[in-house]
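> Have a look at this fold, sequence not included:
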């Protein structure tokens, strides 16, 4: 009799303490999670803020577009669908994500709301074509070209740069130096133009344009298609690689010369570590670290530059689409694509930052 | 017959003969070491003293044949006598042989121990890499056991330090890691290139007590480069004095400190403060350190030497040898004032 | 030192004399600095070659049109003539001389590049110094802005700006080009300033309570000026790449003799036609040579400043 309330009390206390312990454990776990991954969490937060700010910037670029464009578009909708101007204007505003007559804050929230729903903006000239659909169609081609070119040129360039730093005399160095200067001085799209002229028209080895040959294959996962895609991608990739490798090599050379002066290289040599290992694990590994940070910047440059490169090769990637749409003054698609590309650059920046902190143990400590 | 004979190891562990080391630069060549002959006694601690730029580090690296670029050993011989087997001509080893020779016979603790470890790998990874690069098929357990042993010598906690990256260690710890590292493959000689320059006095003392113990217990010979006379007096058995790439004086610490012969050595000792001595009595050596691009005629020390004669300015003095002691001075072993 | 001496040497000169002698000595110092800079420049082969190439193009832009005036009249009987003594690069689709077109376009190309370089460097350096030296919230805002600009790919923005505003003069195109290219420079100048801020001589200035303006202008700026100059050349190079690209896509085509416009015309005629090759190659070659000049000059200056990079 006496014990029951006591028992319930103790049971209650036990339960409470169990819950309390559970909460404490959970809190501790969350705390530890935050402490351990704070570096990454901070990076992600910064990325989100940057994205928000670039949205504002793009919104202001959007506001540079004269408002009449929307009214003309509404008129054309009204004519095509036979509805009143006001109804057509409503449709136009929703499609374009932009209402030039509303107050600026409403405009902005409408724009951001549209972005959150995944509506990046519609074409004013072709019904049913939106930035989203264009990105889905075109982006893979651009990504194929730029990422393959970026990886090849990075690997090749760092190898050349490390070699040049190690052997600073000799014919090979002079030749490579010449290559670096020339490749750094020809804009990549002009190099592309030269390659087209040489290998597509003068010596018809490679195709001059397009992404695959519809007459020899059907799109899908089959060998002729993949072969055709690679065949068509050769020249653009070659153009990028030829022009990018030089700048990677230059950066790597500077960085590697710095590393060669470090004490740990000499110490490793005194320890009887073979030349191969020193080159790979001491020189290249350490000299490459600072280069990883320029990966994202280079990607942004390639991505932006793809506008010109794809125009040269008539390669139906996102860059060619962008150039054509700007030429047609189809601004809302353009800003959608630009928003998306800045999103991608931010994402890649974030990824390279994280990779960098994984491969350089020093960064994790200093940035905490 | 030969098998039963117990071959006594040579009394010297290293003999350097007439070493000349040049740094060819763009317009001129700098001679960092000029005609230095030196033999290191087995099991002893030999110190080389000299100001910065006197060629200590360069001479030491020549033992491992890893003089920093673009320096080259343009003359002389370096002979190493292992405990067992035939003497090794270090300068005639093939690249493959020299890689094995380094660290297995002679290892080194660097002046810049703070940055002598690769920053992107853990301490353990670098120890394991060194073992593997020397073609030794040790298991992970064996490596760990060996690492524990050498870490014990320098009083480091294996479990804490081995998985650290270099930047996570303090200066003194890094220095001790480097000493442990030098013991890893049981070398016969350890070169200590100013092993305590970047450390405070207490850590310095601690490190030298560790080194002394290693020398006594393992019988490893040591070659110490320093500019600290106090350390030499306390720690070393033999001492050599370098000036402008020349060996000015060599002998046992006892002899050299008791009978100060060479004017430069005298100056060095007189310029060293001591706790009980009179600070006012300290006398710095006049003049400035030599410029290797533009050395004086005759004896290189003559412009700063208080006992300089006309003959000193004319030709470089020969080295006078007397019972394991040598002096490169015109006055030789005579008394002079 | 020299200032004091010259002041003392003219004790009765009054205010004007004082001012003049001060100005004179300042000019003399400036002259010495410039002379030293040139001596250094010519001691480096790369820098010297690059400098000569660029000077050649500048002279070509100024005096070229006087020596080889460009005749715009079309003459269809002379279409697509192959290279000859009279027409070193042949003629274009309307029978006009390509060589003279090239020369007449030089001034336009160089003007765009020069203005762009100037605006980019001015904005980038100014913001970089402010951000690096003043720090705090100003630094955060400027760096945030630079970060955003860096994340939006620049070339599409050039195109967008070129399409939104009708561009009719080099300075307008330069404004459009530099609007998006100052950010990288701003960041690196900030890094330079930050490293200098920690150095003793700047710290001492702060301790001596010199004004921030004085420290920036008199102490900081002279130390980063060569770095800024190199970046000016890099900005010029990027401006040429960008402006020629915009012109080649047919946007901002206000000058048909601009090298980019020539490329655009060649591409519009079609590369299949082998007769078009001179019209394509001539501007390409000109761009290449000029860009090699800028690369050599900036690399050479880099080597002069960082001797460790030197090949030997």
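On my side now, so go ahead. As the structure is a computational prediction, the values presented were derived from the model and not from experiment.
> Need the residues that contact stretch B:128-139.
A:271-274, A:277, A:281, B:99-100, B:103-104, B:121, B:140, B:143, B:146, B:181, B:184-185 (CB atoms under 8 Å, 6 or more residues apart in numbering or on different chains). Bear in mind the C-beta positions are built from the backbone N, C-alpha and C, glycine included.
> Which helix or strand contains residue B:18?
Secondary structure assignment for residue B:18, by DSSP states H and E: strand B:12-24.
> Can you give the strand pairings for the next helix-or-strand element following that strand, parallel or anti for each?
Scanning forward in sequence from strand B:12-24 by DSSP H and E, the next helix or strand is strand B:29-41. Here strand B:29-41 is paired, per DSSP bridges, with strand B:12-24 (antiparallel).
> Give the buried residues for the partner strand.
B:12, B:13, B:14, B:15, B:16, B:19, B:20, B:21, B:22, B:23 (16 or more other CB atoms under 10 Å in any protein chain shown).
> now do stretch C:218-235
C:219, C:220, C:224, C:227, C:228, C:229, C:230, C:231, C:232, C:233, C:234, C:235.
> ok, back up a step: list the contacts of the strand holding residue B:18.
Applying CB under 8 Å, 6+ apart, the contact partners of strand B:12-24 are B:29-43, B:55, B:58-59, B:62-63, B:67, B:70-81, B:106, B:188-189, B:221, B:223, B:245.
> Read off the pLDDT value for whichever residue of the stretch 251-368 of chain A sits closest to chain C.
Using CB to the nearest CB, the single residue of the stretch 251-368 of chain A nearest to chain C is residue A:304, 3.0 Å away. As predicted, residue A:304 sits at a pLDDT of 79.
> Could you export the buried residues of strand B:12-24 to TSV, including columns for distance to residue A:83?
Supplementary listing: the buried residues of strand B:12-24 in TSV, determined by distance: CB to CB, whole Å:
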residue	distance to residue A:83
B:12	106
B:13	101
B:14	99
B:15	104
B:16	100
B:19	98
B:20	98
B:21	93
B:22	92
B:23	87
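> would you list those residues in JSON lines and tack on pLDDT?
Below are those laid out as JSON lines (pLDDT from 0 to 100):
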{"residue": "B:12", "pLDDT": "85"}
{"residue": "B:13", "pLDDT": "88"}
{"residue": "B:14", "pLDDT": "87"}
{"residue": "B:15", "pLDDT": "88"}
{"residue": "B:16", "pLDDT": "88"}
{"residue": "B:19", "pLDDT": "86"}
{"residue": "B:20", "pLDDT": "88"}
{"residue": "B:21", "pLDDT": "88"}
{"residue": "B:22", "pLDDT": "87"}
{"residue": "B:23", "pLDDT": "86"}
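> for those, which one is nearest chain C?
Using CB to the nearest CB, the buried residues of strand B:12-24 come closest to chain C at residue B:23, 13.8 Å.
> Look up how far residue A:164 lies from whatever residue of chain B ends up closest to chain C.
Of all residues in chain B, residue B:26 sits closest to chain C, at 6.7 Å by CB to the nearest CB. Distance, residue B:26 to residue A:164, using CB to CB, to the nearest Å: 19 Å.
> Between those two, which is the more surrounded one?
Neighbour count, other CB atoms under 10 Å in any protein chain shown: between residue B:26 and residue A:164, residue A:164 has more, with 23 against 7.
> Need phi/psi at the nearest residue to residue B:187 once chain neighbours are set aside.
Among residues not flanking residue B:187 along the chain, residue B:107 sits closest, at 4.3 Å (CB to CB, 6 or more residues apart in numbering or on different chains). Note on residue B:107: its backbone torsions stand at phi -120, psi 180 [degrees, to the nearest 10].
> For residue B:107, give the beta-bridge partners.
residue B:190.
> That one: neighbour count?
Residue B:107 has 27 nearby residues by other CB under 10 Å.
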